[in-house]
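1. okay, predicted coordinates and the sequence, questions at the end:
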Amino acid sequence: MISNVRAVFLALIAVFGLATPVSAAPNDIVVIITNQDYAGTVPKVEYAERDGEAIAKAARDVMQVPPDRIVHVKNLTYAGFLDWFGADGEGGAELERLKAKLGRDSNIVFYYSGHGMPAKRSKASDPEPVLLPVDTSPARADRFGMPTSVVRKALLTMQREKASDGRVILILDACFSGSSGGGRRDECCANFPVRRQGRRAAPRRTCGIRPRTGGQLGPRAPAWHIHRWRS
């Protein structure tokens, strides 16, 4: 996936309309979560940690984010996700600690590399994309997966409170098809479509970047969808 990192930063340059050289970003925050080593028979996500380290290096060297404002968390459990984002996007203790570092114009960059999959949060609901903690089996993702909507809500809440002139940039280096290069993660969820819940106004000052294809765990880099919204 190392070639994906280059694609991500080219996408970021396109999103922000940046020209070379890139201006310094001393007030920005970068949060990197790499879930590589899963418990049980869940396939390992090869190169996730290496990609996270490459993202951190690019943030330091290209975006000029100070090292003490870059956080790299490896192999996050479900309890760890709750410590960061809370159960409903209210934010956890780890996210609270970052608030003191935010300025009015800070951008909040979130990068995740690991398994993602669709999961039904209730019997009556449609499947929604979740990030899979390293201690969670795919069969239990409905209860112990971390919905991407919760991550987005927690980060946006922090941005509105402390960085009103900044942006939230979410980079999800994960597919949500229910399969990977290491094998299918969950037979019952693999064929669930993740449907849009109608057209809704996207949160302002938010940018989301995710792979277009479902096989990003293979040797070829995916194309990337870029969702860009300005206030």
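-> Looks like it arrived, so ask away.
2. and the closest residue to Asp105 other than its chain neighbours, how many neighbours?
-> Leaving aside its chain neighbours, Asp105 sits nearest to Asp165 (4.5 Å; criterion: C-beta to C-beta, 6 or more residues apart in numbering). Every residue, glycine included, has its C-beta placed from N, CA and C. Using other C-beta atoms under 10 Å, Asp165 has 13 neighbouring residues.
3. again, but for Val62
-> 16.
4. do the same with Lys120
-> 16.
5. any idea how far it lies from Glu46?
-> Note on Lys120: its distance to Glu46, by C-beta to C-beta, to the nearest Å, is 28 Å.
6. any weak-confidence spans in this protein?
-> 1-24, 177-231 (pLDDT under 70).
7. 90 instead, please
-> 1-26, 62-64, 120-127, 174-231 (pLDDT under 90).
8. helices of that one, start to end?
-> 2-16, 48-61, 78-85, 93-99, 141-144, 148-162, 187-190 (DSSP state H).
9. what does the fifth one contact?
-> This points to helix 141-144. With C-beta atoms under 8 Å, 6 or more residues apart in numbering as the test, helix 141-144 has contacts from 78, 117, 119-121, 130, 132-133, 136, 186, 189.
10. make TSV from these and add distance to Ile108 to it.
-> Below are these laid out as TSV (distance: C-beta to C-beta, whole Å):
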residue	distance to Ile108
Tyr78	22
Met117	25
Ala119	25
Lys120	29
Arg121	25
Val130	21
Leu132	22
Pro133	21
Thr136	25
Asp186	31
Cys189	30
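11. so which of the helices of the chain is nearest Ser106?
-> helix 148-162 (7.3 Å; C-beta to C-beta).
12. and that closest one, what's buried?
-> 148, 150-159, 162 (16 or more other C-beta atoms under 10 Å).
13. how about stretch 45-61?
-> Neighbour-count burial for stretch 45-61 [16+ other C-beta under 10 Å]: 45-49, 51-56, 58-59.
14. farthest pair in these?
-> Farthest-apart pair in these is Glu46 and Ala59; separation 22.1 Å (C-beta to C-beta).
15. so Val134 makes contact with Lys74?
-> No - the criterion here is C-beta atoms under 8 Å, and Val134 misses it with Lys74 at 9.1 Å.
16. compare neighbour counts for those two and give me the winner.
-> Val134 (20 against 16).
17. state the distance from the more buried one to Glu53.
-> Taking C-beta to C-beta, one finds Val134 at 18 Å from Glu53.
18. same check on Lys162?
-> Taking C-beta to C-beta, one finds Lys162 at 27 Å from Glu53.
19. likewise for Pro138?
-> From Pro138 to Glu53 the distance is 26 Å (C-beta to C-beta).
20. ok, now Lys123?
-> For Lys123 relative to Glu53 (C-beta to C-beta), the value is 41 Å.
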